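Enquirer: Need a 3D model of the following:
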Amino acid sequence: MGKVKKEADTFRFSTKKCYECFTHLPLQATECYACKKKVGKVDRNGIAEKPTDIKSYVVFALAFAALVVFLWKAFLK
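Expert: Prediction:
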(Lines give C-alpha, C1' and ligand atoms only; values in the text may rest on other atoms or scores of the structure.)
Protein backbone atom coordinates (compact mmCIF):
# COMPACT_ATOMS: atom_id res chain seq x y z
CA MET A 1 0.00 0.00 0.00
CA GLY A 2 1.27 3.47 -0.88
CA LYS A 3 1.39 6.40 1.42
CA VAL A 4 -1.69 8.53 1.55
CA LYS A 5 -0.77 12.20 1.29
CA LYS A 6 -2.25 14.39 3.96
CA GLU A 7 -3.91 17.65 3.02
CA ALA A 8 -1.23 19.65 4.88
CA ASP A 9 1.55 17.93 2.92
CA THR A 10 0.12 18.95 -0.44
CA PHE A 11 -0.57 22.59 0.47
CA ARG A 12 1.78 25.12 -1.11
CA PHE A 13 2.63 28.40 0.58
CA SER A 14 3.12 31.74 -1.18
CA THR A 15 4.91 33.32 1.83
CA LYS A 16 6.58 32.18 5.02
CA LYS A 17 6.60 33.64 8.52
CA CYS A 18 9.74 34.52 10.45
CA TYR A 19 10.21 32.13 13.39
CA GLU A 20 11.15 35.05 15.66
CA CYS A 21 8.73 37.92 14.90
CA PHE A 22 6.16 36.18 12.61
CA THR A 23 6.55 38.75 9.83
CA HIS A 24 5.39 37.47 6.43
CA LEU A 25 8.35 37.03 4.07
CA PRO A 26 8.74 35.93 0.46
CA LEU A 27 9.66 32.25 0.05
CA GLN A 28 13.09 33.19 -1.35
CA ALA A 29 14.03 35.38 1.65
CA THR A 30 17.09 34.32 3.63
CA GLU A 31 16.88 37.11 6.24
CA CYS A 32 13.91 38.72 7.96
CA TYR A 33 13.72 42.40 7.08
CA ALA A 34 12.02 43.24 10.40
CA CYS A 35 14.27 41.52 12.99
CA LYS A 36 17.32 40.69 10.80
CA LYS A 37 17.33 36.98 11.78
CA LYS A 38 18.44 34.41 9.21
CA VAL A 39 15.57 32.21 8.05
CA GLY A 40 15.51 28.88 6.24
CA LYS A 41 12.96 26.92 4.24
CA VAL A 42 9.28 27.00 5.04
CA ASP A 43 7.98 24.13 7.19
CA ARG A 44 4.60 22.42 6.90
CA ASN A 45 3.02 25.08 9.14
CA GLY A 46 4.13 28.02 7.00
CA ILE A 47 6.83 29.17 9.41
CA ALA A 48 10.45 29.55 8.31
CA GLU A 49 12.85 27.06 9.88
CA LYS A 50 15.69 28.31 12.04
CA PRO A 51 18.92 27.55 10.16
CA THR A 52 21.59 25.48 11.87
CA ASP A 53 24.31 27.60 13.44
CA ILE A 54 27.46 25.62 12.62
CA LYS A 55 29.75 28.14 14.32
CA SER A 56 28.07 27.50 17.69
CA TYR A 57 28.53 23.74 17.34
CA VAL A 58 32.23 24.18 16.51
CA VAL A 59 32.80 26.49 19.49
CA PHE A 60 31.01 24.03 21.78
CA ALA A 61 33.08 21.10 20.49
CA LEU A 62 36.34 23.00 21.02
CA ALA A 63 35.33 24.11 24.52
CA PHE A 64 34.28 20.57 25.44
CA ALA A 65 37.58 19.19 24.12
CA ALA A 66 39.49 21.77 26.16
CA LEU A 67 37.53 20.78 29.28
CA VAL A 68 38.29 17.09 28.72
CA VAL A 69 42.00 17.81 28.25
CA PHE A 70 42.05 19.99 31.37
CA LEU A 71 40.31 17.36 33.50
CA TRP A 72 42.56 14.61 32.16
CA LYS A 73 45.74 16.57 32.91
CA ALA A 74 44.53 17.87 36.28
CA PHE A 75 43.15 14.66 37.77
CA LEU A 76 44.39 11.65 35.84
CA LYS A 77 48.06 12.42 35.38
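Enquirer: which regions of this structure lie under the pLDDT threshold?
Expert: Within the chain, the ranges that satisfy pLDDT under 70 run 1-11.
Enquirer: Just the strands from it, written as ranges.
Expert: Ranges of strands in the chain, per DSSP state E, are 15-17, 24-26.
Enquirer: winner for burial among the ones you listed?
Expert: Highest mean neighbour count among the strands of the chain (mean count of other Cβ atoms under 10 Å): strand 15-17, with a mean of 19. Backbone N, C-alpha and C define where each C-beta goes, glycine included.
Enquirer: Give the other helices and strands that that strand contacts.
Expert: In terms of contacts (3 or more Cβ pairs under 8 Å, 6 or more residues apart in numbering; DSSP states H and E), strand 15-17 is packed against strand 24-26.
Enquirer: For Lys37, give me its contacts.
Expert: Each residue near Lys37 by Cβ atoms under 8 Å, 6 or more residues apart in numbering is listed here: Cys18, Tyr19, Glu20, Cys21, Glu31.
Enquirer: about what we covered before: so which of the strands of the chain comes closest to Ala48?
Expert: strand 15-17 (4.5 Å; Cβ to Cβ).
Enquirer: Counting neighbours, which of the contacts of Lys37 comes out on top?
Expert: Sorting these by how many neighbours each has (other Cβ atoms under 10 Å) puts Cys18 first, at 22 neighbours.
Enquirer: Much appreciated, bye for now.
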